[in-house]
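1. Sequence and predicted structure below; questions after.
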Amino acid sequence: MQKEFALRILNALANGIHPATGEKFGADSPYQHPDTVRALFEAMRAVEGMPALQPKGINAARIESALADIENAVEQAREEIRT
């Protein structure tokens, strides 16, 4: 798994978003618990300090598409929170 991809997944989870579907987690979700959110952000910091792995045989276009979907979902969730 690429480092950027892993970070985007962790970021989506830490922001209360299902990384595969873009759905917001409910308030009762374990991903919304403050300790879980803190742990996810700590995991992001740890991954950021690690060297990137080189994927083998992974379709880069598919990954980029999935990452764009996650980024859009996170941005939509942020907009909803602001309003």
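-> Structure received.

2. What is the neighbour count of the nearest residue to residue 26 once chain neighbours are set aside?
-> The spatially closest residue to residue 26, leaving aside those adjacent along the chain, is residue 32, at 7.2 Å (C-beta to C-beta, 6 or more residues apart in numbering). Glycine gets a C-beta too; all of them are placed from N, C-alpha and C. Other residues near residue 32 come to 13 when the count uses other C-beta atoms under 10 Å.

3. For residue 32, give me its contacts.
-> By C-beta atoms under 8 Å, 6 or more residues apart in numbering, residue 32 lies in contact with 16, 25, 26.

4. same check, this time on residue 19
-> Residue 19 sits next to 8, 9, 12, 13, 70 when contact means C-beta under 8 Å, 6+ apart.

5. Look up phi and psi at the second one.
-> The phi and psi torsions at residue 9 (degrees, to the nearest 10) take the values phi -60, psi -50.

6. In contact with it, which residues are there?
-> 19, 70.

7. the longest helix in this protein is where?
-> Across the chain, the longest stretch assigned as helix under DSSP state H is helix 60-82.

8. Run through who's touching that one.
-> Contacts of helix 60-82 (C-beta under 8 Å, 6+ apart): 2, 4-5, 8-9, 11-12, 15-24.
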